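Chemist: Please work out how this folds:
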Amino acid sequence: QVQLVESGGGLVQAGDSLRLSCAISGRTSLYAMGWFRQAPGKEREFVAAIRWSAGTTFYTDSVKGRFTVSRDIAKNTVYLQMNSLKSEDTAVYYCAAKRTAATIVLVTIKEYDYWGQGTQVTVSS
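Modeler: The predicted model follows:
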């Protein structure tokens, strides 16, 4: 069983930065990882994805140039560095994983098998 534990959320002001972490149990070499978010009253949406082995990344347009997804192989941890935060980034952020040999990144909710509990990010304007 894979467990994902997120941390790093909080309350910040617009323009500030935060780094979210997602610690993963078990073997990670065949995992596709993703970050999603869900704002109040809205559907969960894709934010960023990374292939664990190759480090290939992909972002939704609204966060390109501001967010960076990365992984630390030794620590079995995926990060989401969020810079220049805006009020519209306020949401619960979720880490997701899928064990797959495919080399592509995954961008839809239904493609992922495992989810973390979420961490709240609040950006005040």
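Chemist: burial count for residue 5?
Modeler: Here the number of neighbours of residue 5 (other CB atoms under 10 Å) works out to 14. In short, each C-beta sits where N, CA and C put it, glycine included.
Chemist: Could you tell me what pLDDT the model assigned to the residue most central in space within the chain?
Modeler: By CA atoms, centre = their mean, the chain has its centre lying nearest to residue 35, at 2.3 Å. Looking at residue 35, its pLDDT stands at 98.
Chemist: and it, what does it touch?
Modeler: 20, 22, 47-49, 69, 78, 80, 93-96 (CB atoms under 8 Å, 6 or more residues apart in numbering).
Chemist: any idea how far residue 66 is from it?
Modeler: The spacing between residue 35 and residue 66, counted by CB to CB, to the nearest Å, is 13 Å.
Chemist: now residue 117
Modeler: Taking CB to CB, one finds residue 117 at 24 Å from residue 66.
Chemist: Residue 10 now?
Modeler: For residue 10 relative to residue 66 (CB to CB), the value is 17 Å.
Chemist: Could you do residue 115 as well?
Modeler: Distance from residue 115 to residue 66, by CB to CB: 24 Å.
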